[in-house]
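> output the structure for:
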Amino acid sequence: MRRLSSLLPSVTGLARPARPACALLCQHHARPLSTTQAASAGHNKWSKIRHRKGAADIQKGIMRVQHSKMITLQSRLHGPDSAQTAAAVTAAKKAGVPKNVIEGAIARGQGRSAMGTALDALTLEVIMPPGVALIVDVETDNRLRSLEDLKHLVKTHKGRVGSSAAFLFTRRGRVVFDASGDPSPSLDDVMEDAIEAGAEDLDTDADGNVVVWTQPNMTTAAMESLAPRFGGRVLSSEIVWDPNEETKVKVDAAGDAQTLGDLVAALQEYPEVQAVYANAAKGTISDEEWSWVENSLDS
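Numbering: from 1, shown residues only. Got it, this is the predicted structure:
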């Protein structure tokens, strides 16, 4: 909680005995029933395989995004040739992150594309069934191309672009510190320093890391001020779109969750998308169905 105020070879030449007409007739009429059962079983098996593969693909995509963000952060904070960036690159390589993704992440930390072109920030507002609002943060060297690609992606997933969604969110600064190492101060230990650095709220995530919330313009100052207390272990430092609790939309239909999750996963795979936020909340769907959405979102 916040304080201060997260898958038989054919034998030619041998004649086969003729079957009685009644057997042929019976077989003809029985075949549709047998075929229907086989198709149903095959469909169920394929659905399970497709679901498992989809879940594995999402996890792979999440892993790639996480490593890419860490490389970008270290490149931005410490430089492209720093030991911190090198460590992040090594971890990404061990996880199988492609070379072009790694190179792009390093360059992005310096405010440019892998080709050396300056990046331009772009925000996309999207509405998805059943009224869920999405904010997509993009950094691109070609606004028109990215807009065209992303609009097409949203349209193919039953969404619409251009609707006003930003008012459903609050822009906030968020810095996450790794509290698992040494030193590992508690919330109480850093509370006074955090307030002086401009923190509005302190929190811990599911992994026990310390989360500091600030006004957007105080994000960097809070990060720089508190980083030494955690031995410089900064997991993230960013300005996020925090959905307003009173305007969150519950997702009750499995089909809506599937479509929303598919879009978010596709957006996260787009190289120039930096983050995807949504004001979606779990409704009456199962935990497994909800995880399709939740695991792909930035929060």
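> what helix or strand does the residue lying closest to residue 101 once chain neighbours are set aside sit in?
Nearest non-adjacent residue to residue 101, counting by Cβ to Cβ, 6 or more residues apart in numbering: residue 68, 5.7 Å away. Where you see a C-beta, it was placed from the backbone N, CA and C, and this is true even at glycine. Using DSSP states H and E, residue 68 sits within helix 21-78.
> can you check residue 203 too?
Residue-wise, residue 203 maps onto strand 199-204 under DSSP H and E.
> now do the strands in this protein.
120-128, 132-140, 160-161, 169-177, 199-204, 210-214, 234-243, 249-251, 273-278, 280-282 (DSSP state E).
> of those strands, which is nearest residue 150?
Taking Cβ to Cβ, strand 120-128 is the member of those nearest to residue 150, at 5.7 Å.
> partner strands of the closest one, with direction?
Applying DSSP bridges, strand 120-128 is found paired with strand 132-140 (antiparallel), strand 160-161 (antiparallel).
> out of the ones you listed, deepest packed?
Highest mean neighbour count among the strands paired with strand 120-128 (mean count of other Cβ atoms under 10 Å): strand 132-140, with a mean of 23.
> tilt between that strand and strand 234-243?
130 degrees (axes from the mean of the first three to the mean of the last three Cα atoms, to 10 degrees).
> quick one on the thing from earlier: you'd agree the residue nearest to residue 101 is up against residue 91?
No - counting by Cβ atoms under 8 Å, residue 68 stays clear of residue 91, with 11.3 Å between them.
> these two: which has the busier surroundings?
More crowded of residue 68 and residue 91, by other Cβ atoms under 10 Å: residue 68, with 22 against 14.
> mind checking how far residue 181 is from residue 202?
From residue 181 across to residue 202, the span is 19 Å (Cβ to Cβ, to the nearest Å).
> out of those two, which sits in the more crowded spot?
residue 202 (19 against 11).
> rewinding a little: so which elements touch the strand holding residue 203?
helix 187-196, strand 210-214 (3 or more Cβ pairs under 8 Å, 6 or more residues apart in numbering; DSSP states H and E).
> so how far is it off the chain centroid?
23 Å (Cα atoms, centre = their mean, to the nearest Å).
> okay, the angle between that strand and strand 210-214?
With the same axes, to 10 degrees applied, the angle from strand 199-204 to strand 210-214 works out at 160 degrees.
> what angle separates strand 199-204 from strand 169-177?
Using the same axes, to 10 degrees: strand 199-204 against strand 169-177 is 60 degrees.
> CA atoms only: put strand 199-204 into PDB for me.
Taking Å, rounded to 0.1, in the frame of the first residue of the first chain, the C-alpha atoms of strand 199-204 are listed here in PDB:
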ATOM      1  CA  ALA A 199       8.200  12.600  -3.100                       C
ATOM      2  CA  GLU A 200       4.400  12.600  -2.800                       C
ATOM      3  CA  ASP A 201       4.000   8.900  -1.900                       C
ATOM      4  CA  LEU A 202       6.200   5.900  -0.900                       C
ATOM      5  CA  ASP A 203       5.300   2.400  -1.700                       C
ATOM      6  CA  THR A 204       6.700  -1.100  -2.100                       C
END
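> so for that strand, mean pLDDT?
Here strand 199-204 scores 94 as its mean pLDDT.
> cool, stretch 220-228 as well?
Rounded mean pLDDT across stretch 220-228 is 93.
> also stretch 60-71?
81.
> turn the strands paired with strand 120-128 into a markdown table, including mean pLDDT and distance to residue 119.
Listed next are the strands paired with strand 120-128 as a markdown table, based on pLDDT from 0 to 100; distance: least, Cβ to Cβ, whole Å:
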| stretch | mean pLDDT | distance to residue 119 |
| --- | --- | --- |
| strand 132-140 | 95 | 4 |
| strand 160-161 | 92 | 21 |
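> mind putting those strands into a markdown table with distance to residue 263?
As requested, the strands paired with strand 120-128 are exported to a markdown table (distance: least, Cβ to Cβ, whole Å):
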| stretch | distance to residue 263 |
| --- | --- |
| strand 132-140 | 8 |
| strand 160-161 | 11 |
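> residue 268: which of those is closest?
Evaluated over the strands paired with strand 120-128, closeness to residue 268 peaks at strand 132-140, with 9.6 Å, by Cβ to Cβ.
> which segments of the chain make up each domain?
43-118, 119-299 (automatic domain parsing).
> circling back to that earlier point, can you lay out the helices and strands packed on strand 199-204 as a markdown table showing mean neighbour count?
Shown next, in a markdown table, are the helices and strands packed on strand 199-204 (neighbours: other Cβ atoms under 10 Å):
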| stretch | mean neighbour count |
| --- | --- |
| helix 187-196 | 15 |
| strand 210-214 | 23 |
